[in-house]
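>>> Sharing a sequence plus its predicted fold:
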Amino acid sequence: MNDTSKSPRATLALSIVSCLLFVAGCSGQGGGGTAAGPGGVRLQGAGATFPNPLYQKWLSEYGKAHADIKIDYQSIGSGGGIKQIKEQTVDFGASDAPMKDDDLKSAPGELLHIPTVLGAVVITYNLQGVAQPLRFSPAVVADIFLGKIKRWDDAALKTDNPGVSFPAADITVVHRSDGSGTSAVFTDYLSKVSPEWKEKVGAGTSPSWPVGQGGKGNEGVTGMVKQQPNSVGYVELAYATQNRLPAALIKNASGNFVEPGLDALTAAASESLPATPEDLRVSITNAGGTSAYPISSYTYILAYKDQKDAAKGKALVDFLWWAIHDGEGFAKDLQYAPLPADIVKRAEVKLNSITSGGKPLR
Amino acid sequence: MSNPAPTSPSPASEYGARFRSWDWRRALSPTGNFGDAVFRATLFCCALLLVLIVGAMFFEIGSNAGLSLSQFGLSFLTGREWDPIQGEFGALPFVYGTIVSSLLALALAVPVSLGIAVFLVEQAPRALARPSAFLVELLAAIPSVVYGLWGIFVLAPFLREHVGPPLQKWLGWLPFFQGTVTGIGLFTGGVILAIMVTPIITAVVRDVLAAVPVSQREAALALGATKWETTRIVLANGAPGIAGAIILGLGRAVGETMAVTMVIGNRPVISASLFEPSYTVASVIANEFTEATGDLYLSALVELGLVLFLVTFVINGAARLLVWSVTRGTSGVARA
């Protein structure tokens, strides 16, 4: 009896120790993510999903020429990208919309916005028997998404589209349900062209929509629009082009109806140059100029002006320099609009201002 | 050989001894065997891990939701506005959408699942039962995003063209079937959930019915019962297990995210009509978390997670209570 009474105690101790070891083992795995390999540099980035296909292409092309540098990008969403760069868990963040002043102030260091490419939002629809692309003036777009224009045979729609015979049917409005940069750009545009929209709804990644159904992602919105006759929704330009969706012409600030296209985006960015502030945080929706498409925006990479680690900082600056020069060549194939030359020059200034320990990295 | 022969004291004295002094050696291993002790300790650690994980989740969610909890208090649960731009957050439309879509799913799925399971166990010839059971299990393994896309492209148009209009024609006087049938809304969400939980409920009920002793059926048949009467006896025997299967299905319905998001319309409104868009708690978290900026917004989304936790607790608790009240007195039958 005596010897058997000892062993359970030992077992209890053993099991507690093994439990603790297990827990310790679990908690110990988090660290060491960005450790550089021997002689190499490893960079981590995270953020916007919209430019992800292009960024992955860049990383693969850049990786071919620079075997000693390993860069990873995770498309977790702009919100996540801003959060992670603020918490310094990544070396660069990415966001479709520029960061707000509050967010910039609460960051532990000065963050720079480096524009990479341009994207746009197009209005797509499902109208049987209408072959020619529809034309929308800004007030009509706002009123449809405010629920004020309820039917396709509304007089305002007929004025914009002479010769189109609209069905006598209700408009089914479809919007994004997931928080998204696409919604942010679209609502930013609506806030600029409609005072009522600005007051009632405002601009943001997840606005409180007055009417309509929400579809998850570009594919969700597209699915809903394709399956529901007499519906209207909005998606990214790249997605609409790849899937050959009907895309409406939008009347821009100069009064021209403009077809969404890559050159029309670069034109919108060029037209907005005088209004672009020094930190490059700018909204280019409703841009002037005869050929500018009005619902477009930059997408940005976020990086600290003062890099803690000189080797990593140098690798990051070199990569971004390559991206806004050589990298732009890959943009059009993937349906992103390249930056206008003047913005590339201003982004160069930003990259040249990045330092580590007071020393410039380029 | 060294094992002491376990004496078996009378139950009463063992009960008393337990109260007099808690014998930790015996608690660790009733037989005093070293191997048993290790075995028991290992199992205990596994069980403890589960409790720790739930506790840690609860703590983490609770602490991250702190800002929203202090800002809105109880009005978070009763608020109907969800406007991240204005900073107004209320969870009521999401809770409503979650509960209604789940209950609708169960109302549609439970009769069908019971029918399939009874057929497979009681009626189908073996050559048919085996492949059918395999198919049911295959359905349970389809990823929910696939269900969602199928929902948009096949189910929603079908319901809009062939199910909505007749429902509105015959039952349109009820508030549940008014408004425009667009194919996207609470009704479609409920139907797709029903399709998703049917294989789960069917698979479990099938196992439960198969576990009912053959002697029960033979006894019923020997007394001259019809197939229908025999089936009723088998179902009554399996009642607790069937209830467990339904709770399992309910759990899946409440927590389902992707498929529902695709077809429910994602609008935080409370409307009696099942044809109107709605929104569920799990969907709004999945939709908005990645792009949420601002501490209050994030905190409100985390608090929604807490609300989902509570909703699940309450529904599960209510279901358990129901099972308990129904099966009181029918002890000693097959339990799943």
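Nice, I can see it.
>>> Could you use CA atoms for every contact and neighbour count after this?
Noted.
>>> if I look at the most centrally placed residue in chain A, how far off is B:Glu291?
With the centre of chain A defined as its mean C-alpha position, the nearest residue by Cα atoms, centre = their mean is A:Asp96, 3.2 Å away. A:Asp96 sits 10 Å away from B:Glu291, taking Cα to Cα, to the nearest Å as the criterion.
>>> tell me, what's touching the two both at once?
Overlap between the neighbourhoods of A:Asp96 and B:Glu291 consists of A:Ser78, A:Gly181, taking contacts as Cα atoms under 8 Å, 6 or more residues apart in numbering or on different chains.
>>> residue contacts, the closest residue to the residue nearest to the centre of chain A other than its chain neighbours?
Excluding its sequence neighbours, the residue lying closest to A:Asp96 (Cα to Cα, 6 or more residues apart in numbering or on different chains) is A:Thr299, at 4.2 Å. Shown in contact with A:Thr299 (Cα under 8 Å, 6+ apart): A:Pro51, A:Ala94, A:Ser95, A:Asp96, A:Ala97, A:Pro98, A:Pro115, A:Thr116, A:Val117, A:Leu118, A:Gly119.
>>> that's a strand at A:Thr299, yeah?
Yes: according to DSSP: H, G, I helix; E, B strand; the rest coil, A:Thr299 belongs to a strand.
>>> sorry, back to before: who wins for most neighbours among the contacts of A:Thr299?
Counting neighbours by other Cα atoms under 10 Å in any protein chain shown, the top entry in those is A:Ala94, with 35 neighbours.
>>> Where does that one sit: helix, strand or coil?
strand.
>>> Report the separation between it and B:Leu48.
Here A:Ala94 is placed at a distance of 41 Å from B:Leu48 (Cα to Cα).
>>> likewise B:Pro277?
Spatial separation of B:Pro277 from B:Leu48 under the definition Cα to Cα is 42 Å.
>>> cool, A:Gly181 as well?
Distance check for A:Gly181 against B:Leu48: by Cα to Cα, it reads 43 Å.
>>> the more surrounded of those two?
A side-by-side neighbour count of A:Gly181 and B:Leu48, using other Cα under 10 Å, places A:Gly181 first with 26 against 12.
>>> leaving aside the residues next to it on the chain, what's closest to the closest residue to chain B within the stretch 101-250 of chain A?
For the stretch 101-250 of chain A, the residue closest to chain B is A:Asp178, as judged by Cα to the nearest Cα, at 3.9 Å. Excluding the flanking residues, the one nearest A:Asp178 by Cα to Cα, 6+ apart is B:Asn287, at 3.9 Å.
>>> Name the spans of chain B whose pLDDT lies under the cut-off.
Scanning chain B for pLDDT under 70 picks out B:1-30, B:32, B:327-336.
>>> Grab the most central residue of it for me.
Chain B has B:Gly251 as the residue nearest its centroid, 1.8 Å off, counting by Cα atoms, centre = their mean.
>>> Next, it: secondary structure please.
When the structure is split into helix, strand and coil by three-state DSSP, B:Gly251 lands in helix.
>>> was I right about it contacting B:Thr312?
Yes: here B:Gly251 reaches B:Thr312: they are 7.3 Å apart, a contact under Cα atoms under 8 Å.
>>> got a list of what residue 262 touches?
Picked chain A for this. With contact set as Cα under 8 Å, 6+ apart, A:Leu262 has these partners: A:Lys332, A:Gln335, A:Tyr336, A:Ala337, A:Pro338.
>>> hmm, I had chain B in mind actually
Contacts of B:Met262 (Cα under 8 Å, 6+ apart): A:Gly215, A:Lys216, A:Gly220, B:Gly148, B:Leu149, B:Gly151, B:Ile152.
>>> Return the subset of those lying in strands.
When the contacts of B:Met262 are checked against strands using DSSP state E, the ones located there are A:Gly215.
>>> Next secondary structure after the helix or strand of chain A with the lowest mean pLDDT?
Taking mean pLDDT, DSSP states H and E as the measure, chain A has helix A:2-27 as its least confident helix or strand, at a mean of 46. Next helix or strand after helix A:2-27 toward the C-terminus (DSSP states H and E): strand A:41-47.
>>> Give me the residues contacting that following strand.
Outside of strand A:41-47, the residues that reach it under the criterion Cα under 8 Å, 6+ apart are A:34-36, A:68-82, A:84, A:90-95, A:311-312, A:315-316.
>>> And for stretch A:75-94?
The set of residues that contact stretch A:75-94 without belonging to it, under Cα under 8 Å, 6+ apart, is A:43-49, A:52, A:95-97, A:99, A:106-108, A:180-181, A:299-304, B:290-293.
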